[in-house]
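Asker: Build me a structure from this.
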Amino acid sequence: MESNRQRKVAQIIQEDFAELFRKQASESKQSILVSVSDVKVTPDLGIAKIYLSIFPQEHRSSIMKEIEENKAQYRNFIGQKMAKQVRIIPQLSFYLDTTLDDVERIEKELRGEGDNPVL
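Answerer: Purely as a prediction, here's the structure:
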């Protein structure tokens with residue numbers, strides 16, 4: 001069960017990162033979409049798990065690698081945004097969110113276009 005404080009901090013992080021990734025995508029020469037699908041914050045507000053959806057799929061590994069390499073800069077960015085609201089800036093953990101891929105794969109299977117034979 002999440003507390004109100006956890007939800008508020010998670011919402012702030014999600015909005016700030018969504019804006020940051022939108023700006024980075026507009027400045028990039030490639031057409032890549034990085035969206036923040038969810039943010040979970042631990043009860044002590046010490047760790048934030050950030051779930052990202054990245055499109056197109058072929059750029060996922062390179063984008064996630066780049067994000068992991070720049071994790072300290074992202075924490076500094078969020079620290080500047082949240083400095084007045086929290087005492088401790090959470091450690092950031094980024095995860096690839098593949099739920100949309102799973103939904104697409106299941107729908108494909110249900111239409112009989114996947115690996116499973118139609119019964």
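Asker: Where does the residue most central in space within the chain sit: helix, strand or coil?
Answerer: In the chain, the centroid-proximal residue (Cα atoms, centre = their mean) is Leu52; its distance is 2.4 Å. Assigned with DSSP: H, G, I helix; E, B strand; the rest coil, Leu52 falls in the strand class.
Asker: show me what contacts it?
Answerer: Phe21, Val34, Ser35, Val36, Ser37, Met64, Ile67, Phe94, Tyr95, Leu96, Asp97 (Cβ atoms under 8 Å, 6 or more residues apart in numbering). For glycine as for every other residue, the C-beta is placed from the backbone atoms N, C-alpha and C.
Asker: So which of these sit within strands?
Answerer: When DSSP state E defines the strands, the subset of those inside them is Val34, Ser35, Val36, Ser37, Phe94, Tyr95, Leu96.
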